[in-house]
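Participant: Here is a sequence with its predicted model. Questions after.
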Amino acid sequence: MKNEFFNTLVLDASARIKKDLSSLSVNKKKKIIRKLRKKYKLFNFQYYLRLKYFTSPKSILGLFARVMVRRLENKYSINIPNIPIGGGLHIVHAGNIFLNAESIGENFTCYQGVTLGTSGNGRVPTIKSNVTCYTNSVVCGDIVVGDNVRIGANAFVNFDVKDNSTVINQCIVKEKDSEKV
């Protein structure tokens with residue numbers, strides 16, 4: 001569990017600085033993570049969010065992580081329940097972010113005002129890998145958002161989105177054929 005926590009943080013750090021850190025030694029990775037926690041306040045939030053997810057709620061460390069996440073959620077106006085989120089989470093700008101999904105894949109990027117949630121039926125979306133949600137986009141309902149999808153600013157998505165697509169408003173405007181080069 002400790003290695004999984006650390007590896008997920010390394011992926012988050014790689015997404016933050018847009019550089020692959022896999023070839024570095026463990027000590028250099030730890031040093032980069034410490035620097036990012038000091039420099040980027042949202043990365044510090046992500047650190048405690050990961051710690052909350054990977055620790056037992058009954059342990060002292062788990063309790064501390066939950067208190068810190070709650071405090072930072074209120075400070076930055078972010079609400080993320082205890083859901084599985086793949087490595088490479090990148091929150092670009094804080095403010096009115098609500099991420100409630102069945103699961104979120106690796107390399108998820110979100111901007112200010114993003115909402116992932118229910119559409120009244122109690123079911124939430126499933127977000128796959130390499131998805132970017134731009135400012136004030138809303139993804140709701142029992143849907144699946146495929147790999148390599150970009151959801152434009154102010155878009156409202158309540159339908160399944162295929163892999164390699166771009167969504168603007170309520171229209172899929174671009175689908176890349178993965179077989180063509």
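Facilitator: In hand now; what should we look at? This one's a predicted model, so the numbers in the text were calculated from it and none came from an experiment. Numbering: from 1, shown residues only.

Participant: Let me see the ranges of the helices in this protein.
Facilitator: 2-17, 26-39, 41-54, 60-76 (DSSP state H).

Participant: Out of these, which is the most enclosed?
Facilitator: Most buried of the helices of the chain, by mean neighbour count (mean count of other CB atoms under 10 Å): helix 41-54, with a mean of 20. Where you see a C-beta, it was placed from the backbone N, CA and C, and this is true even at glycine.

Participant: Dump the helices of the chain into a markdown table; add mean pLDDT as well.
Facilitator: Compiled in a markdown table, those are given as follows (pLDDT from 0 to 100):
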| stretch | mean pLDDT |
| --- | --- |
| helix 2-17 | 88 |
| helix 26-39 | 91 |
| helix 41-54 | 92 |
| helix 60-76 | 95 |
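
Participant: Any chance of the ones you listed in TSV with distance to residue 135 as columns?
Facilitator: Formatted as TSV, the helices of the chain follow (distance: least, CB to CB, whole Å):
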stretch	distance to residue 135
helix 2-17	18
helix 26-39	23
helix 41-54	15
helix 60-76	15
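
Participant: Out of those helices, which gets nearest to residue 152?
Facilitator: helix 2-17 (20.1 Å; CB to CB).

Participant: what about stretch 151-161, distance to the chain center?
Facilitator: 16 Å (CA atoms, centre = their mean, to the nearest Å).

Participant: mind listing what's buried in it?
Facilitator: 151-152, 155, 157, 161 (16 or more other CB atoms under 10 Å).

Participant: May I ask which two of these are separated the most?
Facilitator: The most distant members of these, if one measures by CB to CB, are 152 and 161, lying 11.7 Å apart.

Participant: which residues are common contacts for those two?
Facilitator: Common contacts of residue 152 and residue 161, defined by CB atoms under 8 Å, 6 or more residues apart in numbering, comprise residue 167.

Participant: Just the CA atoms of stretch 123-130, as PDB, please.
Facilitator: Provided in PDB are the C-alpha atoms of stretch 123-130 (Å, rounded to 0.1, in the frame of the first residue of the first chain):
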ATOM      1  CA  ARG A 123     -26.000   7.000 -10.600                       C
ATOM      2  CA  VAL A 124     -22.700   8.700 -11.300                       C
ATOM      3  CA  PRO A 125     -20.400   8.700 -14.400                       C
ATOM      4  CA  THR A 126     -17.400   6.500 -15.100                       C
ATOM      5  CA  ILE A 127     -14.400   8.500 -16.300                       C
ATOM      6  CA  LYS A 128     -11.700   6.600 -18.200                       C
ATOM      7  CA  SER A 129      -8.000   7.600 -18.700                       C
ATOM      8  CA  ASN A 130      -6.600  10.800 -20.300                       C
END
